[in-house]
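Colleague: Predicted model and sequence follow; I will ask about them next.
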Amino acid sequence: GSPHQLVEPGLARTMGDGWETRRRRDDGNDWVLVRLAAPRVVGPAERGTTHLTGNAPGAAPLRAARPRLLAAERVGQGAAQGPVQQLGRVHHRHLGEARDLLHAMCERMVHRGPDSEGLFVTSGVALGMRRLAIIDLVTGEQPAFNEDRSIAVILNGEIYNYRELRALLEKRGHSFRSASDTEVLPHLYEEYGDTMVNELNGMFAFALWDSKRRRLLIARDRFGEKPLYWGIFDNTLLFSSEPKVLLAHPAVKPSLNIQALRQYLSFDYVPAPLSIYEGINKLPAAHKLVLEDRRVCVERYWQLSYK
């Protein structure tokens, strides 16, 4: 019930409904986004919502299937029983409404993935993607799951070393249903947890939902080849490959970020973590975002060394 400290200082601004972001330069790596009022919980979806992660328009074809991802997490009102009970509630009247909203947001990404759409909607979370099928045309649809389907993953990009990782995982007893690079991710998470990102060689933005722990992990590749935008609106964590996908959500009301505009006029682009829209952030390259236990934490997982 006590206020949580936020990581990565310098800036404090209200996001509405009691949310506040603060950034502090402890080690230059971590961020935390929290709500300072005790009853609210930063947790996965109480309401089916949507997030997308996708390929950049006009990008050159890749060797692997390049889906466009959509996911949603509800940051819901706290219950006396604690966050797990809250995370289990779906704010929409039924899952069909969440699926319809997810599909509508995916429709804004068709140019990124014209071949197929993949949706995963359950109590507490909604994930979606658009796919450009390049490898494993038959069995490579997403989301991908582990053996008991308790972990779901959507991936945008390519994991270059997925064959080596798959061979290692098979030796450790994991079984696979497809030949896609995406399917190594849920099994890799079972072995390594969040440090799985250290094992990956590739260009990627992915979202992973751990249903047993009610936990969302999203990550972006080391040099930020794959885009990922995120924000919290109406107590809902949204992320996508493009800001216009987030604008399709009824909770997102577009407004100009004046600080980002100043940076654009100075540098001809908007540096991460800001975007041109107020409340919509870029996940920086080599960073991961975790939503669990009443808080969202953004953390750097890799740093370029000049030694």
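Modeller: Right, received. Where do you want to start?

Colleague: Could you check how far Leu256 is from Pro271?
Modeller: Using Cβ to Cβ, to the nearest Å, one obtains 16 Å as the distance from Leu256 to Pro271. Using the backbone N, CA and C atoms, a C-beta is placed for each residue, glycine as well.

Colleague: and if you look at Pro284?
Modeller: Distance, Pro284 to Pro271, by Cβ to Cβ: 9 Å.

Colleague: quick one, which of these two is more surrounded?
Modeller: Shown here are Pro284 and Pro271; by other Cβ atoms under 10 Å, Pro284 has more neighbours (15 against 12).

Colleague: Once you drop chain neighbours, what's closest to the more buried one?
Modeller: Ala272 (4.1 Å; Cβ to Cβ, 6 or more residues apart in numbering).

Colleague: who touches that neighbour in this structure?
Modeller: For Ala272, the contact set (Cβ atoms under 8 Å, 6 or more residues apart in numbering) comprises 224, 281-285.

Colleague: what does Glu141 give?
Modeller: Glu141 makes contacts with 116, 118, 131, as judged by Cβ under 8 Å, 6+ apart.

Colleague: ok, now with 7 Å
Modeller: Residues near Glu141 by Cβ atoms under 7 Å, 6 or more residues apart in numbering: 116, 118.

Colleague: cool, Gly140 as well?
Modeller: When contacts are counted by Cβ under 7 Å, 6+ apart, Gly140 touches 65, 133, 178-180.

Colleague: Looking at the protein, which helix is longest?
Modeller: The single longest helix within the chain, with elements called by DSSP state H, is helix 95-107.

Colleague: Any stretches of this structure with poor pLDDT?
Modeller: Residue ranges of the chain with pLDDT under 70: 1-94.

Colleague: how about 50 then?
Modeller: Scanning the chain with the threshold set as pLDDT under 50 gives 1-67, 71, 75-93.

Colleague: how about the helices in it?
Modeller: Counting by DSSP H, the chain has helices at residues 83-87, 95-107, 162-171, 184-192, 243-246, 258-267.

Colleague: Would you mind giving those as JSON lines with mean neighbour count added?
Modeller: Formatted as JSON lines, the helices of the chain follow (neighbours: other Cβ atoms under 10 Å):
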{"stretch": "helix 83-87", "mean neighbour count": "20"}
{"stretch": "helix 95-107", "mean neighbour count": "19"}
{"stretch": "helix 162-171", "mean neighbour count": "15"}
{"stretch": "helix 184-192", "mean neighbour count": "21"}
{"stretch": "helix 243-246", "mean neighbour count": "22"}
{"stretch": "helix 258-267", "mean neighbour count": "12"}
